[in-house]
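> Give me a 3D structure for the following:
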Amino acid sequence: MLQAFIETKEGDYEKFSNSYWPHFNAKLTNNLDPSTVFTQIISHIKGGHQAGQSPGRKLEKTDYIILYDRRFPSLSAEIRDKIFDIYICYEKKKCIAREFDLSDFVNSLHCRLSTDGYNGDMLDFVYIDEVQDLSMNQIALLKYVCSNFKEGFVFAGDTAQTIARGIDFRFEDIRSFFYTVFLSKVKHGKENGSDIF
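Have a look, this model is predicted:
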């Protein structure tokens with residue numbers, strides 16, 4: 001019963017496009033595709049690597065516009081400005097409806113694990129297939145269950161087979177993520193004799 005209720009409160013792309021999109025200001029949504037906007041919200045504003053490093057685990061408007069200039073040359077700063085305004089409206093409407101999306105759930109897990117820690121069994125190796133259906137923040141959750149960053153992770157997938165709506169995936173992002181976050185923290189932790197996370 002509780003699970004069925006929770007499922008009614010979970011927002012996905014279908015709910016975004018059918019229940020939220022028609023109620024946004026037409027000046028913002030004009031000439032924009034709801035799928036593109038949802039992907040920008042879930043994979044970048046709330047679910048990208050930079051979002052995970054930001055307070056509240058989401059990007060501020062100026063950071064989103066500046067950081068993604070090179071990544072999305074087809075989305076001008078003006079369009080990204082509109083997307084961010086839609087994101088703000090989406091968050092307000094979602095809060096009023098007491099709903100959540102996947103990025104909210106993942107960010108809540110990050111907050112809980114970073115505060116309370118992980119008390120379960122640690123893994124030596126993690127193998128993920130169909131990795132193209134995960135956001136960077138979802139992948140980052142793995143750091144709590146496996147600290148073998150140098151050789152403990154294997155990711156497989158095909159970017160041509162992405163089925164998860166809202167996920168913008170590139171293998172280069174995982175490579176960059178591991179070199180700049182996971183492996184740099186291992187090096188930093190060893191040099192200072194401190195915990196990795």
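> hmm, who's touching the top helix by length along the chain?
Using DSSP state H, we find that the single longest helix of the chain is helix 77-96. By Cβ atoms under 8 Å, 6 or more residues apart in numbering, the residues outside helix 77-96 that reach it are 11, 16, 20, 23-25, 28-29, 32, 36-37, 40-41, 45-46, 61, 64-65, 68-69, 72, 75, 100-101. All C-beta spots, glycine's among them, are computed from the backbone N, C-alpha and C.
> List only buried entries from those.
Using 16 or more other Cβ atoms under 10 Å as the burial test, the contacts of helix 77-96 include 11, 16, 20, 24, 28-29, 32, 37, 40-41, 45-46, 64-65, 68, 72, 75, 100-101 as buried.
> my guess is residue 99 contacts residue 10, does it?
Yes - counting by Cβ atoms under 8 Å, residue 10 is a contact partner of residue 99 at 7.0 Å.
> The two: which is more packed in?
residue 99 (16 against 13; other Cβ atoms under 10 Å).
> residue contacts, that one?
Going by Cβ under 8 Å, 6+ apart, residue 99 touches 9, 10, 11, 15.
> helices or strands up against the helix or strand where the last one lies?
Residue 15 is part of helix 13-15 when elements are defined by DSSP states H and E. Contacts of helix 13-15 with other secondary structure elements, assessed using 3 or more Cβ pairs under 8 Å, 6 or more residues apart in numbering; DSSP states H and E, are made with helix 34-40.
> counting contacts, what elements does the helix it packs on pack onto?
helix 13-15, helix 77-96.
> how about those helices in CSV, adding mean pLDDT?
CSV is the format used below for these (pLDDT from 0 to 100):
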stretch, mean pLDDT
helix 13-15, 93
helix 77-96, 95
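> With distance to residue 122 and mean neighbour count added, can I get the ones you listed in CSV?
Formatted as CSV, these follow (distance: least, Cβ to Cβ, whole Å; neighbours: other Cβ atoms under 10 Å):
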stretch, distance to residue 122, mean neighbour count
helix 13-15, 34, 16
helix 77-96, 35, 17
